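1. my questions concern the predicted model and sequence given below.
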Amino acid sequence: MSMLTLNDITVRFEPKGKPPVLALDDVSLTVANDTFSVIVGPSGCGKSTLLRLVAGLEVPTAGRMELDGQPISGPSADRGMVFQSYTLFPWLTVRQNIMFGPQLKKLPKSECEDIADDLIRAVHLTGFENSYPKELSGGMRQRVALARALANDPRILLMDEPFGALDSQTRQLMQELLLDVWQSRRKTVLFITHDIDEAIFLGDEVHVMTARPGKIKQSLAIDIPRPRGITTLTSPEFMAYKKTILSLMHDESIRADTPEPVLA
Amino acid sequence: MWTRSLFSPKTEIPKSAFIGLSLCSVSLVLGLWCLLTYGGITPKDFLAAPHEVVAAGIKRIGNLSLFHHIWASLSVILSGFILASIFAVPIGILMGSFRAVQALVEPLTGFMRYIPVSALIPLLILWVGIGIEQKIMVIFLGTFFQQLILISDVSARVSKDLIDCAYTLGANRKQVALRILVPACMPGVMDNLRVTMGWAWTYLVVAELVAADTGLGYMILNAMRGLFTDVILLGVFTIGILGLITDFIFKVLRKKLLPWSADF
């Protein structure tokens, strides 16, 4: 049973010589076991900050965060993360990258190798086990990054716009592959994006965030049957969700583009 | 028309054009040299003719004295350079990524970097005498502070995401430093060692200024006293060629040791 709960999370940045910025304001969020939750919001709304808090890479100014009832403090292999930027370790091969987590846990070598080989098959990278990241395309690198995060068998998988740097065709393929992997392995996923189509296509639940201060404006359950494929993208339900979220986001994007409110 | 490519920035030109232009510049200098000497414009004690330099070289290769000088200089340069690298690489990596180390080291190195090594020679003589130690110290001081700054820059530029990513995979701080920071610095370290090796050669004559009885720098200084411009030029060319060889060795080493890093 894995459940992530965030209660009244507030983050205030106080940059030197500038007025303080309220990045997240009283955000509360629950991510249920084995669900795919997506946070969608305009750029600069604090959604990445929220994910980094859950990863333990940043500390909230106020509020409580718990995973399975245990408070989150600092990063841990429990909470795997896939970043938007390419973060494969360039000096390690695909296989060594995926084995990085299991090896830190001091699992026996044969077990690490089994985990890696299994995941390499799952993300369709058979034949590239011994390639270095520089030899891979952007989509392939993000597949390895996904496999590497999954190799630790984390309780929750955090994804920070992992396909943001990819072209739209590759992105669509990556989304389908991610759903395949997710369906066969059943993980709790918290996924961040600014792409509404991506959010609806992937999520069981979509949380729309407002811009500065970052707040959850509305949460929607996406009731589109799985497995989802490209036909999903043009279905009437999909369009209806898109219309709703688009209008929510439209107001927000305009607000995000106006100057920040100055805090007293 | 390929001539257009000559005047377009960042455009490839035909290989034959590249070689042709390179030959042009070399032969221009050689031609000027021949004109000055064989044309009787400059006397021999001002500028020796090409064939005289070749003759001086053949004579000193025959009686092995050139190799004797090369060996003396190489041992000074390599000792000073290796000694500097042994300290500069680890301290530089720490300095670029740990603010505490930066605070400790930067005030001293920032100051020392601008002091010409030649200004320290009198002190060096008082402290370590006029033996080989003094010459090694000149090379050491000439390269160490430069290496430190360059390598600390490399370390500071290591992507924060790479480090955060390792944390989310379960690495602790020590593992992040040793398994992420250090390998991530290696390509930059190799490049800067190659650059500073070139600078070490430029300090050679300064190092052999005082109380030397062998070495290429000594050979050049000694030849000046007798106005033997052929020997001076021989020494200059030898240093240039040895510099090119060490540069080439570094390029090969980088390819062999760091096959994973992007080509430069």
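-> Yes, it's here.

2. just the helices from the stretch 1-150 of chain B, written as ranges.
-> B:3-6, B:15-38, B:50-62, B:65-97, B:99-112, B:121-128, B:132-156 (DSSP state H, counting those that start in this stretch).

3. and for chain A?
-> A:47-55, A:94-104, A:109-122, A:138-150, A:168-185, A:196-202, A:236-256 (DSSP state H).

4. mind checking these for the one nearest to chain B?
-> Chain B lies closest, by Cβ to the nearest Cβ, to one member of those: helix A:94-104, at 4.3 Å. Every C-beta, even on glycine, is put in place using the N, C-alpha and C of the backbone.

5. adding distance to residue A:223, mean neighbour count and mean pLDDT, write the helices of chain A out as TSV.
-> Converted to TSV, the helices of chain A look like this (distance: least, Cβ to Cβ, whole Å; neighbours: other Cβ atoms under 10 Å in any protein chain shown; pLDDT from 0 to 100):
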stretch	distance to residue A:223	mean neighbour count	mean pLDDT
helix A:47-55	23	23	94
helix A:94-104	35	23	97
helix A:109-122	27	16	96
helix A:138-150	26	24	96
helix A:168-185	16	16	93
helix A:196-202	11	23	95
helix A:236-256	7	15	85
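
6. need those helices in TSV with distance to chain B, can you?
-> Compiled in TSV, those are given as follows (distance: least, Cβ to the nearest Cβ, whole Å):
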stretch	distance to chain B
helix A:47-55	5
helix A:94-104	4
helix A:109-122	13
helix A:138-150	7
helix A:168-185	18
helix A:196-202	20
helix A:236-256	23
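
7. save the ones you listed as JSON lines, and put in distance to residue B:146 too.
-> Shown next, in JSON lines, are these (distance: least, Cβ to Cβ, whole Å):
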{"stretch": "helix A:47-55", "distance to residue B:146": "37"}
{"stretch": "helix A:94-104", "distance to residue B:146": "34"}
{"stretch": "helix A:109-122", "distance to residue B:146": "42"}
{"stretch": "helix A:138-150", "distance to residue B:146": "35"}
{"stretch": "helix A:168-185", "distance to residue B:146": "43"}
{"stretch": "helix A:196-202", "distance to residue B:146": "48"}
{"stretch": "helix A:236-256", "distance to residue B:146": "46"}
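
8. looking at those, which is nearest to residue B:25?
-> helix A:138-150 (41.1 Å; Cβ to Cβ).

9. elements contacting that closest one?
-> Where contact means 3 or more Cβ pairs under 8 Å, 6 or more residues apart in numbering or on different chains; DSSP states H and E, helix A:138-150 is packed against strand A:79-82, helix A:94-104, helix A:109-122, helix A:168-185.

10. can you pull the residues of the stretch 51-200 of chain B lying near chain A?
-> B:159, B:161-162, B:164-171, B:175, B:180, B:183-184, B:186 (Cβ under 8 Å from any Cβ of the partner chain).

11. put the buried members of those residues into a PyMOL selection.
-> To isolate the buried subset of these in PyMOL, counting by 16 or more other Cβ atoms under 10 Å in any protein chain shown, use the following:
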select buried, chain B and resi 161+162+164+165+166+167+168+169+170+171+175+180+183+184+186
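
12. need the contact list for residue 47.
-> Chain wasn't specified; assuming chain A. A:39, A:40, A:41, A:192, A:194, A:209, A:214 (Cβ atoms under 8 Å, 6 or more residues apart in numbering or on different chains).

13. try again with chain B
-> By Cβ under 8 Å, 6+ apart, the neighbours of residue B:47 are B:33, B:36, B:37, B:229.

14. what about the second one, neighbour count?
-> Around residue B:36 there are 14 other residues, counting by other Cβ atoms under 10 Å in any protein chain shown.

15. most centrally placed residue in the chain?
-> With no chain named, the answer covers chain A. residue A:159 (1.9 Å; Cα atoms, centre = their mean).

16. ah, I was thinking of chain B
-> Closest-to-mean residue, chain B, Cα atoms, centre = their mean: residue B:198 / 1.1 Å.

17. okay, it: pLDDT?
-> The confidence metric pLDDT takes the value 91 at residue B:198.

18. quick one, phi psi at it?
-> phi -60, psi -40 (degrees, to the nearest 10).

19. apart from its neighbours in sequence, what residue is nearest residue B:128?
-> residue B:134 (5.1 Å; Cβ to Cβ, 6 or more residues apart in numbering or on different chains).

20. next up, the contacts around that neighbour.
-> By Cβ under 8 Å, 6+ apart, the residues touching residue B:134 are B:121, B:124, B:125, B:128, B:210, B:211.

21. can you tell me which of the residues you listed are buried?
-> B:121, B:124, B:210.

22. closest to chain A among those residues?
-> For those, the nearest to chain A is residue B:124 (39.4 Å; Cβ to the nearest Cβ).

23. one step back: could you give the bridge partners of the residue nearest to the centre of chain A?
-> residue A:82, residue A:191 (DSSP bridges).

24. now the residue of the stretch 151-264 of chain B found nearest chain A: closest residue in space, sequence neighbours ignored.
-> In the stretch 151-264 of chain B, the residue that lies nearest chain A is residue B:170 (3.1 Å; Cβ to the nearest Cβ). Computed as Cβ to Cβ, 6+ apart, the closest residue to residue B:170 that is not its neighbour in sequence is residue A:77, at 3.1 Å.

25. right, and residue A:143 touches residue A:122 too?
-> No: with contact defined as Cβ atoms under 8 Å, residue A:143 and residue A:122 do not form a contacting pair (9.1 Å).

26. re earlier: residue A:105 is in contact with the residue nearest to residue B:170, correct?
-> Yes: counting by Cβ under 8 Å, residue A:77 touches residue A:105, with 6.8 Å between them.

27. tell me, what's touching the two both at once?
-> If you check residue A:77 and residue A:105 against Cβ under 8 Å, 6+ apart, the residues they both contact are A:152, B:170.

28. the two: who's more crowded?
-> residue A:77 (20 against 14).

29. tell me the contacts of the more buried one?
-> A:101, A:104, A:105, A:152, A:154, B:168, B:169, B:170.

30. tell me the contacts of the nearest residue to residue A:123 once chain neighbours are set aside?
-> Counting by Cβ to Cβ, 6+ apart, residue A:123 lies nearest to residue A:143, which is 4.0 Å off, once chain neighbours are set aside. By Cβ under 8 Å, 6+ apart, the contact set of residue A:143 is A:123, A:124, A:125, A:174, A:177.

31. from residue A:136, how far out is the second one?
-> By that I understand residue A:124. 12 Å (Cβ to Cβ, to the nearest Å).

32. ok, now residue A:113?
-> Residue A:113 is 20 Å from residue A:136, where distance means Cβ to Cβ.

33. residue A:223 too?
-> Distance from residue A:223 to residue A:136, by Cβ to Cβ: 37 Å.

34. ok, now residue B:205?
-> With Cβ to Cβ as the criterion, residue B:205 and residue A:136 are 48 Å apart.

35. over to residue A:120?
-> With Cβ to Cβ as the criterion, residue A:120 and residue A:136 are 12 Å apart.

36. OK, now which residue of chain A is nearest to chain B?
-> Closest residue of chain A to chain B, Cβ to the nearest Cβ: residue A:77 (3.1 Å).

37. on the pLDDT front, check that residue for me.
-> 94.

38. and residue A:107, by the same measure?
-> The per-residue pLDDT reported for residue A:107 equals 95.
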